[in-house]
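Chemist: Provided below are the primary sequence and the corresponding predicted coordinates.
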Amino acid sequence: MADDSLARRIAGHLLDVRAVSFAPEEPFTWASGRKAPVYCDNRITISYPVVRRAIRDAFARCLEDHLLRPEVIAGTATAGIPHAAWLADRLDLPLVYVRSSPKRHGRGSQIEGRIEPGQAAVVVEDLVSTGGSSRGVVDALRAAGVDVRGVLAIVSYELEAARQTYDALRVPLHVLTRFDDLFQEAAARGMLSDASVRSIEAWRADPVGWSDRHA
C-alpha cells in the first residue's frame, strides 16, 4: 500500500480526470453483476500524460519500497497493458501481457511476448475488485514456470473477496490508492451530498447486501 499522502494524490488525479464516478442513486452494474455506487474506469488515465506518469512513477517507487526486483513486467489484458508498458520502459525491463484466456487461433498463446521459466515477474493491474482477473493471470504465469513476486494495481475497492483471492494465491497485492482514499478525497472536495455519503458508507459496510437491495 502506498503511503497516505501518495494514495490521496493518486486519488486526486483519478478524480481530476473523472476516471471515478459516484452515483448511489443510480447504481452501476459491475462485470460480476453486482450493483455498486462507484465505478472506476482507469482506461481514461491513458489520455492524460501527467496522470499516467504519476501512476508509472508510483509503481516504480512501490517496487523499490517492497524490494520486488522483477525481471519482467506483466500487464493484464487489456487495461493493465499500457501502464505495464510505461513501467517496463522506465525500468528498462522486458514486457509481456497476459490474456484472460488462450487465443483460439495461431499458436493459442495466452502470454504474449517472451518470458522464460524461472524468471521473476510482477503483474500490473488497473483495478482490483474481487481479484478474479489477477487469479487467471497469476495462474497462467505460474503454469509457464514464472516466479510471480507480486501484483501492482492502481486502485482496490478493498472487498473481502479480493483479500481471500490474494490469500489463496499467496501473492502480495500492492495498490496505489484505495476506495477509502477516493471516497474521502471526493467528500473533501464537496463532490458528494450527505445522502450520497450515507449510501456509500452503507455499501462499504455490506457491499453484497447493498447490491441485493438495489438490484
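Modeler: Arrived safely, thanks for sending. Residues are numbered from 1 along each chain as shown.

Chemist: Ala153: what secondary structure?
Modeler: Here Ala153 is recorded as strand under DSSP: H, G, I helix; E, B strand; the rest coil.

Chemist: what about Asp57, neighbour count?
Modeler: 14 (other CB atoms under 10 Å). In short, each C-beta sits where N, CA and C put it, glycine included.

Chemist: Which SSE is immediately downstream of the helix or strand harbouring it?
Modeler: Using DSSP states H and E, Asp57 sits within helix 49-65. Next along the chain after helix 49-65, taking DSSP H and E as the criterion, comes strand 72-76.

Chemist: Show me which parts of the helix or strand following that next one are buried, residue by residue.
Modeler: Sequence order places helix 81-91 as the next helix or strand after strand 72-76, per DSSP H and E. Using 16 or more other CB atoms under 10 Å as the test for burial, helix 81-91 gives 81-88, 91.

Chemist: What of stretch 49-68?
Modeler: 51-52, 54-56, 58-59, 62-63, 68.

Chemist: Let's have the residues you listed in a markdown table, adding distance to Pro27 and pLDDT.
Modeler: Below are the buried residues of stretch 49-68 laid out as a markdown table (distance: CB to CB, whole Å; pLDDT from 0 to 100):
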| residue | distance to Pro27 | pLDDT |
| --- | --- | --- |
| Val51 | 26 | 98 |
| Arg52 | 29 | 98 |
| Ala54 | 29 | 98 |
| Ile55 | 27 | 98 |
| Arg56 | 32 | 98 |
| Ala58 | 30 | 97 |
| Phe59 | 31 | 98 |
| Cys62 | 31 | 96 |
| Leu63 | 36 | 97 |
| Leu68 | 36 | 96 |
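
Chemist: Save those as CSV, and put in distance to Val148 too.
Modeler: Below are those laid out as CSV (distance: CB to CB, whole Å):
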residue, distance to Val148
Val51, 27
Arg52, 24
Ala54, 25
Ile55, 21
Arg56, 21
Ala58, 20
Phe59, 16
Cys62, 15
Leu63, 14
Leu68, 10
